[in-house]
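Chemist: Fold the following for me, if possible:
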Amino acid sequence: MDIKTLMRARFVPPSYRKELLLKLQRLHQGSMSVSEYFKELESQMRRVEIKETNKEKIKRFVSGLRRDIQDQVELYEYSTLENVFTLALGIEIPLKRKRRARKSYFLFESIHHLLLLSFVKGTFTSR
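Modeler: Residues are numbered from 1 along each chain as shown. I've put the predicted structure just below:
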């Protein structure tokens, strides 16, 4: 046994590894970017010291992606975790643009609606 293993056995409670594993199993992209999610996934996998095949790592990564990205990623073939990460990044960029455009549109519509209401009620004043 190496010193790291001995220190861990002596000072780290067994429940800690279980907690880390549970945290890893519950990890999903959520509001993180693909890049942030990937870094967090790698970090948690290192902490748990989980040994997975490339295929298992890919499955874990893809299953934690947001559904809109995951659906598109699954249409392609990939052989490494780096390939699927790059693919997910490429898919995320246009989706972010669409989301921003949609937010701008709804903001414009809301402002337009408020202006119309104030005009109709006679409370609109120009400077």
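Chemist: what about this structure, any weak spots by pLDDT?
Modeler: For the chain, residues meeting the criterion pLDDT under 70 lie at 1, 100-127.
Chemist: show me where the chain has helices.
Modeler: Taking DSSP state H as the test, the helices found in the chain are 3-11, 14-25, 34-48, 54-64, 67-73, 81-121.
Chemist: want to throw these into a markdown table with mean neighbour count?
Modeler: In this view, the C-beta of every residue, glycine as well, is placed from N, C-alpha and C. Putting the helices of the chain into a markdown table (neighbours: other Cβ atoms under 10 Å) gives the following:
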| stretch | mean neighbour count |
| --- | --- |
| helix 3-11 | 9 |
| helix 14-25 | 12 |
| helix 34-48 | 16 |
| helix 54-64 | 16 |
| helix 67-73 | 15 |
| helix 81-121 | 13 |
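Chemist: residues in contact with the residue nearest in space to the middle of the chain?
Modeler: The structure's the chain has its C-alpha centroid closest to Gln29; by Cα atoms, centre = their mean the separation is 2.2 Å. By Cβ atoms under 8 Å, 6 or more residues apart in numbering, the contact list for Gln29 reads Tyr37, Gly64, Leu65, Arg66, Ile69.
Chemist: Settle this for me: the second one is touching His28, isn't it.
Modeler: Pointing back at Gly64 there. Yes: contact criterion Cβ atoms under 8 Å: Gly64 and His28 qualify, at 4.7 Å.
Chemist: so what's in contact with those two at the same time?
Modeler: If you check Gly64 and His28 against Cβ under 8 Å, 6+ apart, the residues they both contact are Tyr37.
Chemist: picking that back up, now the contacts of Gln29 as JSON lines including distance to Glu92?
Modeler: Putting those into JSON lines (distance: Cβ to Cβ, whole Å) gives the following:
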{"residue": "Tyr37", "distance to Glu92": "10"}
{"residue": "Gly64", "distance to Glu92": "14"}
{"residue": "Leu65", "distance to Glu92": "9"}
{"residue": "Arg66", "distance to Glu92": "9"}
{"residue": "Ile69", "distance to Glu92": "6"}
